[in-house]
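Student: can't give you the sequence, but here's the structure:
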């Protein structure tokens, strides 16, 4: 039995039920919307925003509501953009930037801006030129992290009405023209030569200071040695003076005689080959010394 025979065999009520069942099935299929985790659906009713469907199973009114936009909420990266900027010290630089963002409010993105990527790129170019115009070239090179933070903060204020979130902004490179590069290289070489000269001068200065310190230390030590020697001689003199004061002149003569005997004994301790010249009063000195020694021993 073909389709025509089947339809002709149906009564008017059976055909109505069949169409009603088909309508119900189609309505269910149109009403149920399964949204992936990485997307959001913007639903319109008669051309007007009705709702935003999140991930999972969602129900809409069939024939009245329709999914007008399917928006990915994954993080996006804009193509690397290059723009010229002039620093506060009038140096032309070419800055390469890249921006990462994601859509968090699709209803704002689809109804307030037509080309979101182009809009963000244009905004970034203007912010970069404005921020770099407040800095000198050295500050742009050395404070790149702070510059990136300032660019991202300024960008977040601008794109808030577009329903997006700027997750990261990067300055990939800061390029200079050949003339500026040559001037900077010359300046760098001059700075290196200056630092080398300063280092050498400081080394010579330090060497002179160390030599002066060494000489001062040696002089201080010599002075201390002389002071100790003078103290020892003064002490010896005071001892002799005290002995003379206590024992009279005889004690001094005794010490002199004892030294004479010790000296003559040392001279006579040779191997017998030396010639000894004695003064005429040497024997008198021996006599006096032995006399004193005898007197002291008694």
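Tutor: Thanks, I have the structure now. Here the structure is a predicted model, which means the values were calculated and not measured. Numbering: from 1, shown residues only.

Student: what number of residues lie near residue 154?
Tutor: Under the neighbour criterion other C-beta atoms under 10 Å, residue 154 is assigned a count of 19. (Each C-beta comes from the backbone N, C-alpha and C, glycine too.)

Student: what residues are up against it?
Tutor: Shown here is residue 154, whose contacts under the criterion C-beta atoms under 8 Å, 6 or more residues apart in numbering are 127, 130, 131.

Student: Okay, and which of the residues you listed map to helices?
Tutor: Counting by DSSP state H, those place 127, 130, 131 in helices.

Student: Please pick the buried ones from the residues you listed.
Tutor: 127, 131 (16 or more other C-beta atoms under 10 Å).

Student: ok, back up a step: TSV for the contacts of residue 154, including distance to residue 23 and pLDDT?
Tutor: Putting the contacts of residue 154 into TSV (distance: C-beta to C-beta, whole Å; pLDDT from 0 to 100) gives the following:
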residue	distance to residue 23	pLDDT
127	55	90
130	60	89
131	61	88
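
Student: Quick check: end-to-end length of stretch 26-41?
Tutor: Its first and final residues considered, stretch 26-41 spans 20 Å by C-alpha to C-alpha, to the nearest Å.

Student: Touching that stretch from outside, list them.
Tutor: When contacts are taken as C-beta under 8 Å, 6+ apart, the neighbours of stretch 26-41 outside the stretch itself are 52-63, 67, 69-74, 103, 106.

Student: buried set for it?
Tutor: Applying 16+ other C-beta under 10 Å to stretch 26-41 flags 30, 33, 35, 39, 40, 41 as buried.

Student: Next: stretch 106-121.
Tutor: 106, 107, 108, 109, 110, 113, 116, 119, 120, 121.

Student: what's the most distant pair in the residues you listed?
Tutor: When the buried residues of stretch 106-121 are compared pair by pair using C-beta to C-beta, the farthest-apart members prove to be 107 and 121, with a separation of 22.6 Å.
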